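Participant: I would like the atomic coordinates for the input below:
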Amino acid sequence: MRAPAWLPMPVRRTLRVLRRYFRMATRRLERVVAPARREWRRSLQLRVVALTLIASSLLVGAFGFFVAQRSANILLNRAQDEVQSSMASKVKYASSQLSVHQQARDPLLQNTVNTTVDVLADDDPAESGGSVVSMRADQNTGIEAATSAKMDTSDLITAKLIRAVSRDAKVAEQVRTTEVDGRQVKFLVYGSPVPTSFGHVELYYMVPLTTEDSAANQIRTTVLVTGLALVILLGVVAGLVTRLVVLPVRDAARTAQRLSAGLLDQRMKVDGEDDLALLAASFNQMAANLQRQIVRLEEMSRLQRRFTSDVSHELRTPLTTVRMAADLIFSEREEFDPAVARSAELLQAELDRFESLLTDLLEISRFDAGFAALDAEHTDLVPIVHRVAERLTGLADRVGVTIELRVPEAPVIAEVDPRRIERVLRNLVGNAVEHGEGRPVQITLACDEAAVAVTVRDHGIGLKAGEERLVFNRFWRADPSRARQTGGTGLGLSISAEDARLHGGWLEAWGAPGEGAQFRLTLPVRSGDRLLAAPLPLIPRDRAIAADETREVV
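Facilitator: Coordinates of the predicted model:
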């Protein structure tokens, strides 16, 4: 996304730099995360263990938080009950001590207050079990506030607590934290009015929650350690359980890969009588059935190939004899009656077709038997294309088709078998002429540093969707009635595809109903090289441009 043009140039330059750095950071992050993401997609065991750890962590964390909070509340409630009970007795004792004085201005009242505070206080407030007692009265009584410990209680006795005790005359409580001897200590503070005959007096009882905090921390630590150990244990258990399931599945996958590679005797190990053992037994039974079927089909295919090869060879001898007799009759046809002469011509044409069929069957049998050999040599393909076009000119003239050549003037040298390449081109161009519907057929030759490509384009009836993969099947015809009229055997494109594969190349087809078809032969310049791309497109340029224009209109 480009920066708006109305922004100042320095701002746009800064945005471009930031966008560039952002893209760089994104790519680096993707490279770092890619191995983990790939392992996550590939490993079922990793996903199960990770999801188990996440789910168990959430559950154990929530349960541990609940237990820790509940334990802390129980400890606090117990401390509140104890302090509340002790507070009642302390208020009663303080009231009995102060009831001796009837007047607020009694000189001995302050001393009684100080003594009462010291008596009511327990041990050191910084230690467990200690407490702080503070007593204060109205200013009208002339009594100064007294505290049992030499510490600042302003953080503990807040104005809110004083207001609740003095105005509402009720017992109030709160939990506050203050610093004692350099460390933070939490206190439970209770305040209560003290009944006297001379005025309003308040008693504040402050108990440190050191023991309760320590116990709560110990509970939290115990819950945390126990939860962590439980999560790790669940992860280990999940890994072990998943491994028990994943290992047979991996074994099945490896066995299936070996079966697909042709090792039909591979089987899974069957242990026990559980579901996994049932899976392994069923898999082995399926593999055995497939092996029997494949062996049977291979035997049938071998017998069929041998039968085809034997019949083709055996038919050569009588065909040669019949050919000699037919040639003699054909050469003397002018001396026969017109009907007999026509029969001689038909006999010659059918013998040509029969001989072509035998030749194709013999070639197919060589490919099936693996005896087809490539006699590659450095060859100029330009003369081959011209020679194919010249030999098919007569057929093209008969059906009203013109052959247009688009070949470079410079030689196009490739390491190929010229006999096989000429046969492939002859099949492609012959099919294009026969199915061209009287329209021109274009032959295009192009090359680059790694590959050579030849395309044959016709503008005839074309191919339906999916037929571009069927045209290379043996004896397949898009229009059987038409093929019978033109004399096709249904083996030409199949043999051409085998020739292309023998060179390490491609033979591909494209077609659309009413728009014709285009076949592309792609070969490596050097024999044995791997093809990566073709110098010519499979879809004709005029068809691709029309498709782009249609998309733009839509």
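Participant: On the three-state scheme, residue 30 is what?
Facilitator: helix (DSSP: H, G, I helix; E, B strand; the rest coil).
Participant: quick one: it and residue 24, what's the gap?
Facilitator: 11 Å (Cβ to Cβ, to the nearest Å). The way it works is simple: take the backbone N, C-alpha and C, and place the C-beta from them, glycine included.
Participant: Same question for residue 198.
Facilitator: According to Cβ to Cβ, residue 198 stands 83 Å off from residue 24.
Participant: what about the two, which has more around it?
Facilitator: Between residue 198 and residue 24, counted using other Cβ atoms under 10 Å, the more crowded position is residue 198 (20 against 10).
Participant: Spell out the secondary structure type for the more buried one.
Facilitator: Under three-state DSSP, residue 198 falls in the coil class.
Participant: pLDDT at it, what is it?
Facilitator: Predicted confidence (pLDDT) for residue 198: 75.
Participant: Domain map for this protein?
Facilitator: Taking automatic domain parsing as the criterion, the chain consists of the domains 93-217, 267-372, 377-553.
Participant: and residue 49, which of the ones you listed is closest to it?
Facilitator: domain 267-372 (19.1 Å; Cβ to Cβ).
Participant: What average pLDDT does that closest one get?
Facilitator: Per-residue pLDDT over domain 267-372 has a mean of 78.
Participant: For that domain, measure first residue to last.
Facilitator: Domain 267-372 has an end-to-end distance of 35 Å (criterion: Cα to Cα, to the nearest Å).
Participant: Got phi/psi on residue 15?
Facilitator: When quoted as degrees, to the nearest 10, the phi and psi of residue 15 stand at phi -60, psi -40.
Participant: so what secondary structure elements neighbour the top strand by length along the chain?
Facilitator: Criterion DSSP state E: the longest strand present in the chain is strand 183-194. The contact analysis (3 or more Cβ pairs under 8 Å, 6 or more residues apart in numbering; DSSP states H and E) places strand 183-194 against helix 44-98, helix 159-166, strand 172-180, strand 201-208, helix 210-260.
Participant: which one of these is the most hemmed in?
Facilitator: Burial of those is given as mean neighbour count (mean count of other Cβ atoms under 10 Å); strand 201-208 ranks first at a mean of 24.
Participant: between that strand and strand 183-194, how big is the angle?
Facilitator: Here strand 201-208 runs at an angle of 150 degrees relative to strand 183-194 (axes from the mean of the first three to the mean of the last three Cα atoms, to 10 degrees).
Participant: what angle separates strand 201-208 from strand 172-180?
Facilitator: 60 degrees.
Participant: Strand 201-208: partners in the sheet, and parallel or antiparallel?
Facilitator: strand 132-137 (antiparallel), strand 183-194 (antiparallel) (DSSP bridges).
Participant: Please look at residue 476 and residue 490 and confirm they touch.
Facilitator: Yes: the pair residue 476 and residue 490 qualifies as a contact (Cβ atoms under 8 Å) at a distance of 6.2 Å.
Participant: coming back round to it: of all the domains of the chain, which one comes closest to residue 43?
Facilitator: domain 267-372 (18.8 Å).
Participant: what about residue 529, which helix or strand?
Facilitator: Using DSSP states H and E, residue 529 falls within no helix or strand.
Participant: What number of neighbouring residues does it come out with?
Facilitator: Counted with other Cβ under 10 Å, residues neighbouring residue 529 total 14.
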